[in-house]
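A.B. asks: here you go, sequence then predicted model.
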Amino acid sequence: MSLRAIPLIIIPFIIYNVIALLGGDVPADDIFRKPLFNLPMLSGARWTFSWSDLLVLLTMLMLFAELIKSTYTASSSLIDHGLSMLVFIACIVEFLVVPQAATSVFFFIMTATLVDVVAGFMIGIRTARRDLNIGSEH
């Protein structure tokens, strides 16, 4: 199995679980609200960047990479789509069952996994159809 078959969207899922579930008695919202840094803006306000912001940013970057990967028509992409579906199922079950996962950050991660699954299949089908149409002309 190729490393390309591993869905990258699992990285924020794992990071969230490591931080939230190993955080002890501290609620997950409190852990993710801790600021990483503050930047003064030209307006005089201060922009605060928290752990939750970092995790959502990482999730968006991984989703972008997954969308790029879904344009490939190799056999490893089928495994990637199947594993992405398993990650989404794990996310939705965890969101409904685990109290530490009932946060907006985890909801965004779960939504990104859903977008990955739906877009991956849609783009994969569209790309395969285009490849078949190109192949039939010759």
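C.D. replies: Looks like it came in fine.

A.B. asks: for the protein, which helix is longest?
C.D. replies: helix 104-136 (DSSP state H).

A.B. asks: list the helices and strands that helix packs on?
C.D. replies: helix 10-21, helix 28-33, helix 51-69, helix 75-97 (3 or more Cβ pairs under 8 Å, 6 or more residues apart in numbering; DSSP states H and E). Every C-beta, even on glycine, is put in place using the N, C-alpha and C of the backbone.

A.B. asks: same thing but at 7 Å, please
C.D. replies: helix 10-21, helix 51-69, helix 75-97 (3 or more Cβ pairs under 7 Å, 6 or more residues apart in numbering; DSSP states H and E).

A.B. asks: and the contacts of the last one?
C.D. replies: With Cβ atoms under 7 Å, 6 or more residues apart in numbering as the contact definition, helix 75-97 has outside contacts at 1-2, 4-7, 9-10, 13, 69-70, 101-102, 106-107, 109-110, 113-114, 116-117, 120-121, 124.

A.B. asks: for ChimeraX, write the selection for the buried entries among those residues.
C.D. replies: Paste this into ChimeraX to select the buried members of the contacts of helix 75-97, with burial taken from 16 or more other Cβ atoms under 10 Å:
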select :5,6,7,9,10,13,69,70,101,106,109,110,113,114,116,117,120,124
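
A.B. asks: coming back round to it: and the angle for the longest helix of the chain with helix 10-21?
C.D. replies: Per axes from the mean of the first three to the mean of the last three Cα atoms, to 10 degrees, the angle that helix 104-136 makes with helix 10-21 is 170 degrees.
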